[in-house]
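1. after the sequence you'll find the predicted model.
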Amino acid sequence: VETFAHAALILRHGSDWYRSMGTQESPGPTIVTITGDVVTPVYAEISLGASLRDAIETLAGGALPGRNIKAVLSGVSNSILPGDRIDAPISYEGLADAGGGLGSAGFIVYDDSRNMVDVAYQALRFLYVESCGQCNSCKTGTEVLATGLEDLVFGATNAEQTIRTMQRSLTTVANGARCYLPTQAQKLFPSISRQFPED
């Protein structure tokens, strides 16, 4: 829908008008969704290139009172951004340089009250449920990851053994995959465990 809307505006106003917004590599506007641990979840149109921090603070009112931003997830197909990297511009190149990605410009904000193991569990549970089951490595691999994270969240397992099992599954989850879903798991979980080892 956003693409059709952009195409209509480009046809009406011309490509120079469209390129007057955004960045050289990511021209034009985009629609952002900012949810999670913010004062006011919001859906708004912005010019690409705006700072993620500014968008969170200006559009969504910033973090909840007394809290700090711990991380931002731009969908489950990108690596998580820790709070100290959210000054990055909202653009394909800006968020990639910060270690994340733009995706469809939907941002979930997590504050410092969150345990990132639980965040990883919720995301991997989503990927496991959404796996269509055509590729066995994906369906069984995302199940191993989601179940392992669930066990870690609820303390029902030997943590070191569970993490080793999950790491093995990460190496094979995308074998023969027909879509990007298992690759999402390969990007997301390691980024959370790498950025937040204390959790």
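-> Yes, it's here.

2. how close does residue 163 sit to residue 174?
-> Counting by Cβ to Cβ, to the nearest Å, the gap from residue 163 to residue 174 is 19 Å. C-beta coordinates here come from the backbone N, C-alpha and C atoms, glycine included.

3. got it, and residue 131?
-> Residue 131 is 11 Å from residue 174, by Cβ to Cβ.

4. likewise residue 191?
-> Plainly put, residue 191 is 15 Å away from residue 174 if you go by Cβ to Cβ.

5. before we move on, the earlier item: looking at residue 163 and residue 174, which is more packed in?
-> Just comparing residue 163 and residue 174: by other Cβ atoms under 10 Å the higher neighbour count belongs to residue 174, 20 against 15.

6. verify the stated contact: that one with residue 138.
-> Yes: between residue 174 and residue 138 a contact is recorded at 7.0 Å, counting by Cβ atoms under 8 Å.

7. check which helices and strands the top strand by length along the chain is in contact with.
-> Longest among the strand segments of the chain by residue count, using DSSP state E, is strand 29-36. Here strand 29-36 is seen to pack against helix 2-13, strand 42-47, helix 52-60, strand 106-111 when contacts are counted using 3 or more Cβ pairs under 8 Å, 6 or more residues apart in numbering; DSSP states H and E.

8. C-alpha coordinates for the last one, CSV please?
-> Read that as strand 106-111. Output in CSV follows, covering the C-alpha atoms of strand 106-111 (Å, rounded to 0.1, in the frame of the first residue of the first chain):
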residue,chain,number,x,y,z
GLY,A,106,8.2,-0.9,12.6
PHE,A,107,10.1,-0.4,15.8
ILE,A,108,9.5,-2.1,19.1
VAL,A,109,11.2,-0.3,22.0
TYR,A,110,12.3,-2.2,25.1
ASP,A,111,13.2,-0.4,28.3
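
9. who does it pair up with?
-> Here strand 106-111 is paired, per DSSP bridges, with strand 29-36 (parallel), strand 69-73 (antiparallel).

10. what does that strand contact?
-> Outside of strand 106-111, the residues within contact range by Cβ atoms under 8 Å, 6 or more residues apart in numbering are 32-38, 52, 55-56, 60, 63-64, 67-75, 116, 119.

11. and for the third one?
-> When contacts are taken as Cβ under 8 Å, 6+ apart, the neighbours of helix 52-60 outside the stretch itself are 32, 34, 38-42, 44, 46, 62-63, 69, 72, 81, 86-90, 95, 107, 109.

12. before we move on, the earlier item: so which of the helices and strands packed on strand 29-36 is the most packed in?
-> Across the helices and strands packed on strand 29-36, the average number of neighbours (mean count of other Cβ atoms under 10 Å) peaks for strand 106-111, which reaches a mean of 21.

13. following the chain onward from that strand, which element is next?
-> Using DSSP states H and E, the helix or strand that follows strand 106-111 in sequence is helix 116-130.

14. which helices and strands does that following helix pack with?
-> Other elements packing on helix 116-130 under the criterion 3+ Cβ pairs under 8 Å, 6+ apart are strand 69-73, helix 136-154, helix 181-195.
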